[in-house]
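1. Here is a sequence with its predicted model. Questions after.
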Amino acid sequence: MPIPTETLVDVADDVMPFATLAIGVYGVSVLARTRESAAGTPVALGTRVLQRVFGRGDTHTRGLIERVARATGDARPGDGREALRSAIVAAFHDDPILAPEVAAMLLRAPVGANRA
């Protein structure tokens, strides 16, 4: 039985603070980071989630991440973030195992991690 779209969107929404934090710190190179991904920080969790969802990233994914990285300091960062969120939801639709795996990763989020 497929996972309801609402659930996939909820998981994507939960992922976004970690993903955007990691992108804000590492920019486009976030998908290539490996050394810090074992650390128990929100940035490391965001990096691991992005790597799990997108792998090393195709051209489209890297473009989305670049838009989010550029928008981190902008007054209106929503455009790139919404595109990234939509790409995460699409990845969840494409792989029925992915959303539960990512949700489990979030359950192990560092204590006090920002989920806003």
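-> Nice, I can see it. Numbering: from 1, shown residues only.

2. Packing partners of the helix-or-strand element of the chain with minimal mean pLDDT?
-> Using mean pLDDT, DSSP states H and E, helix 59-71 stands out as the lowest-scoring helix or strand of the chain, at a mean of 85. On a contact count with 3 or more CB pairs under 8 Å, 6 or more residues apart in numbering; DSSP states H and E, helix 59-71 meets helix 5-26, helix 78-94. All C-beta spots, glycine's among them, are computed from the backbone N, C-alpha and C.

3. Switch these over to JSON lines; also include mean pLDDT and distance to T47.
-> Putting the helices and strands packed on helix 59-71 into JSON lines (pLDDT from 0 to 100; distance: least, CB to CB, whole Å) gives the following:
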{"stretch": "helix 5-26", "mean pLDDT": "91", "distance to T47": "4"}
{"stretch": "helix 78-94", "mean pLDDT": "88", "distance to T47": "14"}
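
4. Identify, out of those helices, the most deeply packed stretch.
-> Neighbour counts (mean count of other CB atoms under 10 Å) averaged over each of the helices and strands packed on helix 59-71 peak at helix 5-26, with a mean of 20.

5. neighbouring contacts of that one?
-> If you take CB atoms under 8 Å, 6 or more residues apart in numbering as the criterion, helix 5-26 is touched by 30, 33, 42-47, 49-50, 53, 65, 68-69, 72, 77, 81, 84-85, 88-89, 92-93, 99, 102-103, 106, 109, 113-116.

6. Now list the buried members of those.
-> 30, 33, 42-47, 49-50, 53, 65, 68-69, 77, 81, 84-85, 88-89, 92, 99, 102-103, 106, 109, 113 (16 or more other CB atoms under 10 Å).
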